[in-house]
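Asker: I'll drop the sequence and a predicted model, then ask my questions.
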Amino acid sequence: MKFSASKFLQSKYSPINLTPSFFYTLLLIIHIGLVWVTPYFPTQDGPGHIYNLVILKDLINGGKEWGSFFSYQLHAVPNLAFILISYPLLQFFPPLIVEKLFISIYIVLMGSSVYLFLRTFNKASLTFIFFVFPVIFNFNLMMGFYSYVITVPLFLFAFSLSWKTRNRSAAYKFIFINLAGLIIFYFHIIPFIFFLLSLLCITIVQSNGFKRIFFDQLKLLSIISPSLLVLFLYLANSTKSVLPDFAYLFSLSRYIYLRNDLFFFSTVTFSQWQMLPGFMFTCLFLSFFILSIYLLIKDPDKGWLKIGDVSASDKVLIYLSFLLLLIYFATPFRFGGGDFFNQRFPWVIFIILLPLLQINKRFLSERFVLVSIASVAVIFLVFNAFIFLQQSSRVEKFLSGLNAGIPKGAYVMTYKTRDPEAGWPRIDALMHGASYYGIFNECIDIGNYETGSEYFPIKFKDNIPPFPSLDQIAYRAETINWSEYPSIQYVLGWEINKSDKNKLNNFFHIIYEKDFFSLWQRNTITP
């Protein structure tokens, strides 16, 4: 008898049942493990979020450490997910552990929400569930948009359950939709918009003919009126309104950038090397997607070209993905008081498209699909692991000055020489590196951008001395006139070129230097 290893492993004698669900769970655990083995999980805004969370905890408890520099204002703004989840954890765990716990929760929610989403809209598409792994460490997560990324899986849960309960009573839908809507809204406003659009698409699909659409939309408006009222009240009372840069819409380079980001579905973040697994990932997805469209067109029972014959669940996904694509290309970089508006869409659009995929055994076997997607997911994980550990090593080197004697309460800022020709990386894990010095040495990071945003509770007090603009601190430090800002006591330098060093030498001197990091102290310390 010929021995079959694969059959043996799946037999009753196997210590574990090597099913797709087992490997899916295993890959989720490995992704979480990568977060924990990385000493400093490399995100751009993450250090600032943790820093301000530490400040908020102190201020709420009397402000013994930070009360001389900061105040706080707790408002019900639609950006509370990170605070609501992480603040309770901070009562029991150190700051960096809280960040890892938060990201772990996000990964678990992504894994479970995508599973429910595929199972709800097309059980057959569960074969493609491994496609979620390349987009877990997406551009938005690595930028540190924590409240946004953790709210997306909540939107997927709400969208799936709304479809499952679409035929329930109006009273039931009123309670469920508004409860889900209010939670999503206060967690983050953009996934709330996604949720409203999904409800719009469900209602259109459920309507019997164009004449009923108008009345059904009115019915939907009445059902979701409490959630809409909260949205309108927030917009009406918003204290800060930034006009969108519509001139940017006419830029050809913008569309090239958006096209490229959409092609890789937000998977290329720190390194151009990520384009290699990203290209494999996208080509594999497009191959399955094109084949699925072909099968739908060729199937006489489906009649995919005849929109009226498309299944209701497919219609909802097609309508919603089309709306998101339209918004993605038609909106500017800054919209609704937030930056990187467009860059929040590609990986969400990708997930919305997944249930449209299907397999025909005449062309492909289920095993081949699973193995090919899982292989790309593993390759992506390997690339990300190497890059994340490399970025974490940079952070560790940047933090080598923690024991160089910076006093508590000192005003510090990060100074990085910018190379306008470089273009990479898209994400700078050291941009808010000064926040780590705030967390561990209780220094004041003058580049704390959250203090100037209505979406965050921490504010600088009025008695704080003047600082350069946030744009100068982050991107144009070489333009700062240091004589105007004597309160800046320490500069945390990274890869500072000779020209910038000559400028700094007029006001500072180096007290510590290692590798690419240099710590500069002002020649005359101003208390």
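Answerer: Cool, the structure landed. The structure presented is a predicted model; accordingly, all values stated were derived computationally and were not measured.
Asker: can you pull out the low-pLDDT segments for this protein?
Answerer: For the chain, the stretches with pLDDT under 70 are 1-18, 209, 239-249, 298-310, 334-338, 419-424, 525-527.
Asker: at 80 instead, please
Answerer: Counting by pLDDT under 80, the ranges of the chain that qualify are 1-18, 208-212, 238-253, 294-310, 332-339, 360-364, 418-425, 524-527.
Asker: quick one: distance of the longest helix along it to the chain centre.
Answerer: Longest helix in the chain, counting residues (DSSP state H): helix 366-398. Relative to the centre of its chain, helix 366-398 is centred 17 Å away, using CA atoms, centre = their mean, to the nearest Å.
Asker: number the chain from 18, please
Answerer: Understood, numbering begins at 18; the last thing we discussed is helix 383-415.
Asker: then whatever helix or strand comes next after that helix to CSV, C-alphas only?
Answerer: The helix or strand immediately downstream of helix 383-415 is strand 428-433, counting by DSSP states H and E. Extracted C-alpha coordinates of strand 428-433, given in CSV (Å, rounded to 0.1, in the frame of the first residue of the first chain):
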residue,chain,number,x,y,z
TYR,A,428,11.7,70.5,25.6
VAL,A,429,13.0,68.2,22.9
MET,A,430,12.4,67.7,19.2
THR,A,431,13.4,65.3,16.5
TYR,A,432,15.7,66.6,13.7
LYS,A,433,16.1,64.5,10.6
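Asker: show me what the very next helix or strand once past strand 428-433 is in contact with.
Answerer: On the C-terminal side of strand 428-433, the closest following helix or strand by DSSP H and E is helix 451-458. Residues from elsewhere that reach helix 451-458, judged by CB atoms under 8 Å, 6 or more residues apart in numbering: 57, 64-65, 67-68, 71-72, 112-113, 412, 415-416, 418-419, 423, 425, 429-431, 460-465, 509. Bear in mind the C-beta positions are built from the backbone N, C-alpha and C, glycine included.
Asker: mind jotting down where the strands sit in this protein?
Answerer: Remark: strands assigned in the chain by DSSP state E are 87-89, 428-433, 461-462, 475-477, 507-511, 525-531, 534-539.
Asker: take those and lay them out in JSON lines including distance to residue 237.
Answerer: Shown next, in JSON lines, are the strands of the chain (distance: least, CB to CB, whole Å):
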{"stretch": "strand 87-89", "distance to residue 237": "38"}
{"stretch": "strand 428-433", "distance to residue 237": "48"}
{"stretch": "strand 461-462", "distance to residue 237": "46"}
{"stretch": "strand 475-477", "distance to residue 237": "38"}
{"stretch": "strand 507-511", "distance to residue 237": "52"}
{"stretch": "strand 525-531", "distance to residue 237": "61"}
{"stretch": "strand 534-539", "distance to residue 237": "56"}
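Asker: residue 159 is nearest to which of those?
Answerer: Across the strands of the chain, residue 159 has its closest neighbour in strand 428-433 (17.7 Å, CB to CB).
Asker: pairing partners for that closest one, with directions?
Answerer: strand 461-462 (parallel), strand 507-511 (parallel) (DSSP bridges).
Asker: tell me which of the ones you listed lies nearest to residue 307.
Answerer: Between residue 307 and those, the tightest spacing by CB to CB is seen for strand 507-511, at 45.1 Å.
Asker: that older thread, for the strands paired with strand 428-433, give me JSON lines that also has mean neighbour count.
Answerer: Putting those into JSON lines (neighbours: other CB atoms under 10 Å) gives the following:
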{"stretch": "strand 461-462", "mean neighbour count": "26"}
{"stretch": "strand 507-511", "mean neighbour count": "23"}
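Asker: what subset of the contacts of helix 451-458 is buried?
Answerer: Buried positions within the contacts of helix 451-458, assessed by neighbour count (16 or more other CB atoms under 10 Å), are 57, 64-65, 67-68, 71-72, 112-113, 412, 415-416, 418-419, 423, 429-431, 460-465, 509.
Asker: how close does residue 151 sit to residue 188?
Answerer: Counting by CB to CB, to the nearest Å, the gap from residue 151 to residue 188 is 41 Å.
Asker: who has more neighbours, these two?
Answerer: The residue with more neighbours, out of residue 151 and residue 188, is residue 151; 30 against 9, by other CB atoms under 10 Å.
Asker: can you tell me how far that one sits from residue 404?
Answerer: For residue 151 relative to residue 404 (CB to CB), the value is 13 Å.
Asker: before we move on, what about residue 106?
Answerer: Residue 106 is 27 Å from residue 404, by CB to CB.
Asker: more neighbours, these two?
Answerer: Each of residue 106 and residue 404 has its neighbours counted (other CB under 10 Å); residue 404 has more, 19 against 16.
Asker: surely that one is in contact with residue 290?
Answerer: Yes: contact criterion CB atoms under 8 Å: residue 404 and residue 290 qualify, at 7.1 Å.
Asker: what are the boundaries of the helices in the stretch 218-367 of the chain?
Answerer: Assigned by DSSP state H, counting those that start in this stretch, the stretch 218-367 of the chain shows helices spanning 227-240, 242-254, 269-281, 292-315, 329-347, 363-370.
Asker: for residue 539, find the nearest of the ones you listed.
Answerer: The nearest among those, by CB to CB, is helix 269-281 at 39.6 Å.
Asker: that closest one packs against which elements?
Answerer: If you count contacts as 3 or more CB pairs under 8 Å, 6 or more residues apart in numbering; DSSP states H and E, helix 269-281 packs onto helix 292-315, helix 329-347, helix 363-370.
Asker: residue 84: neighbour count?
Answerer: Other residues lying near residue 84 total 15 when counted by other CB under 10 Å.
Asker: from residue 76, how far off is it?
Answerer: According to CB to CB, residue 84 stands 6 Å off from residue 76.
Asker: alright, that wraps it up for me.
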